[in-house]
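>>> Sequence plus predicted model, see below.
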Amino acid sequence: MVDGLVSIIVPIYNVKPYLKRCIDSLISQTYSNMEIIMIDDCSTDGSKTIAEQYSSTYPFCKLLSHKQNKGLAGSRNSGVKKAEGEWLFFVDSDDWIRADTLKLLVSNAKKYNSDIVMCGYCYAWDNNEIKIIDSFKGISSESSQKDKIALVPQPSATRRLYRSDFFLEKDFDFPEDIKRGEDFPLTIPLLTYTSKITIVNEPLYFYYQRKGSISNMNKIDDFSFYDKIIKVTNERVNKGFEKEIEYRYILELIYSKTLLMIKSKYKNSEIKSHLTAFDKEYNGWIYNPYLKKCNRMKLFFIKNAYKKNINILKVLVFAWDRRRLIK
């Protein structure tokens, strides 16, 4: 590994309208000791041509080209294998970062001898609307490892700087057979193996909200990916964090999965069956201590899910969606 070098890993697949903005934000970083590893996953829209222009212009921009489509997880895994840096940083190709992102993250990593440094984020839309997310409500760098495992927002691989040797020694990869939520069974287990986690509570990462992106698709026909997520996570997590991992599962399965099932027009009986199965697997989960730190609206949803008040949940989802539309 090259001392001080940050390897930025950027998977690319059919993002021609957004790719230049992403790469320009990386090239413009005030921290110059970096390599940008772009992985083209068989794009058909000219994205690869843009990536080739960058790789031929900037020596620190490198392009890998897949001969067959491997998906987001496979692209990230290819990037990790190619990386030479002391640090790893993942950026999705339709997103971008603030100019001082790497400088802030690396300086904090060195100051606190961190294995993982996290930063805050924003949502961004085509109309130039920016929404800053209260990313680390209730936690900070001084919080316990257990609190960080339970309470850090969205288990995303992005907006986190990883020490390469720590990341690689666990031999965890992004599961390539999981096509949605593939970050969870890597990022959450990693948190259980280190207490050296630093938080930079500034909105440095910009998530672009576009139609057709995986994260914005509501209707889902097959939820089996959740079973795979839980299986791989259980195989990887360190012991001693049972309540913290249970709380993450409450958020993923009782909140997120139930919400998506409602949006996907599943029958009440199917939703109830899903909730009942969780009750059997995690008996007494409603008494998880971290639920006290859940935000009010999310907790209201979770409590009604526990009571199997499916119609109330549907009204909540309808109201939330309408509120977003009105806004």
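Ah, there it is. Treat the numbers as computed from the prediction; the structure is a model and nothing was measured.
>>> how about low-confidence regions in the stretch 201-327 of the chain?
Judged against pLDDT under 70, the low-scoring parts of the stretch 201-327 of the chain cover residues 211-218, 323-327.
>>> can you pull out the strands in the stretch 151-300 of the chain?
Using DSSP state E, counting those that start in this stretch, the strands of the stretch 151-300 of the chain run over 160-163, 197-208.
>>> Deepest in the core, which of those strands is it.
Per-stretch averages of neighbours, counted by mean count of other CB atoms under 10 Å, single out strand 160-163 among those, with a mean of 23. (Glycine included, C-beta is placed from N, CA and C.)
>>> Next, the contact list for residue 292, please.
When contacts are counted by CB atoms under 8 Å, 6 or more residues apart in numbering, residue 292 is found next to no other residue.
>>> and the strands of the stretch 151-300 of the chain as a markdown table, adding distance to residue 47?
As requested, the strands of the stretch 151-300 of the chain are exported to a markdown table (distance: least, CB to CB, whole Å):
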| stretch | distance to residue 47 |
| --- | --- |
| strand 160-163 | 24 |
| strand 197-208 | 15 |
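>>> Figure out which of these is closest to residue 99.
For residue 99, the closest of the strands of the stretch 151-300 of the chain is strand 197-208, at 9.4 Å, according to CB to CB.
>>> re the thing from before, now for the strands of the stretch 151-300 of the chain, which one comes closest to residue 221?
Distances from residue 221 to each of these were compared by CB to CB, and the smallest falls on strand 197-208, at 24.9 Å.
>>> Show me what that closest one is packed up against.
strand 96-97, helix 101-112, strand 116-124, helix 145-151 (3 or more CB pairs under 8 Å, 6 or more residues apart in numbering; DSSP states H and E).
>>> Residue 23 is nearest to which of those?
With CB to CB, the closest approach to residue 23 among those belongs to strand 96-97: 8.9 Å.
>>> Serialize the helices and strands packed on strand 197-208 to TSV and add fields for mean neighbour count and distance to residue 18.
Compiled in TSV, the helices and strands packed on strand 197-208 are given as follows (neighbours: other CB atoms under 10 Å; distance: least, CB to CB, whole Å):
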stretch	mean neighbour count	distance to residue 18
strand 96-97	22	9
helix 101-112	18	18
strand 116-124	21	11
helix 145-151	20	31
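>>> Any chance of TSV for the ones you listed, columns distance to residue 159 and mean pLDDT?
As requested, the helices and strands packed on strand 197-208 are exported to TSV (distance: least, CB to CB, whole Å; pLDDT from 0 to 100):
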stretch	distance to residue 159	mean pLDDT
strand 96-97	8	98
helix 101-112	9	98
strand 116-124	5	96
helix 145-151	14	96
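>>> related to what we said a few turns ago, among the strands of the stretch 151-300 of the chain, which is nearest residue 57?
When the strands of the stretch 151-300 of the chain are compared for distance to residue 57 using CB to CB, the nearest one is strand 197-208, at 23.6 Å.
>>> circling back to that earlier point, do you know which of the strands of the stretch 151-300 of the chain lies nearest residue 133?
Between residue 133 and these, the shortest separation by CB to CB is 7.2 Å, and it involves strand 197-208.
>>> Run the angle between that closest one and strand 116-124 for me.
Inter-element angle recorded for strand 197-208 and strand 116-124: 20 degrees (by axes from the mean of the first three to the mean of the last three CA atoms, to 10 degrees).
>>> Strand 197-208 to helix 101-112, inter-axis angle?
Taking the same axes, to 10 degrees, one finds strand 197-208 and helix 101-112 inclined to each other by 170 degrees.
>>> residue boundaries of the helices in the stretch 1-150 of the chain?
With DSSP state H, counting those that start in this stretch applied, the stretch 1-150 of the chain shows helices at 16-27, 47-57, 71-82, 101-112, 145-151, listed in chain order.
>>> Could you save those as JSON lines and add columns showing distance to residue 171?
Shown next, in JSON lines, are those (distance: least, CB to CB, whole Å):
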{"stretch": "helix 16-27", "distance to residue 171": "27"}
{"stretch": "helix 47-57", "distance to residue 171": "29"}
{"stretch": "helix 71-82", "distance to residue 171": "11"}
{"stretch": "helix 101-112", "distance to residue 171": "22"}
{"stretch": "helix 145-151", "distance to residue 171": "20"}
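>>> Of these, which is nearest residue 272?
Among the helices of the stretch 1-150 of the chain, the nearest to residue 272 by CB to CB is helix 145-151 (26.7 Å).
>>> what does the domain assignment say about this protein?
By the record's domain assignment, the chain is partitioned as 2-212, 241-326 (automatic domain parsing).
>>> among the strands of the stretch 151-300 of the chain, which is nearest residue 232?
When those are compared for distance to residue 232 using CB to CB, the nearest one is strand 160-163, at 18.3 Å.
>>> any idea which helix or strand carries the residue lying closest to residue 313 once chain neighbours are set aside?
Residue nearest to residue 313 in three dimensions, not counting chain neighbours: residue 304, with 5.6 Å by CB to CB, 6 or more residues apart in numbering. Residue 304 is located in helix 296-306, with elements delineated by DSSP states H and E.
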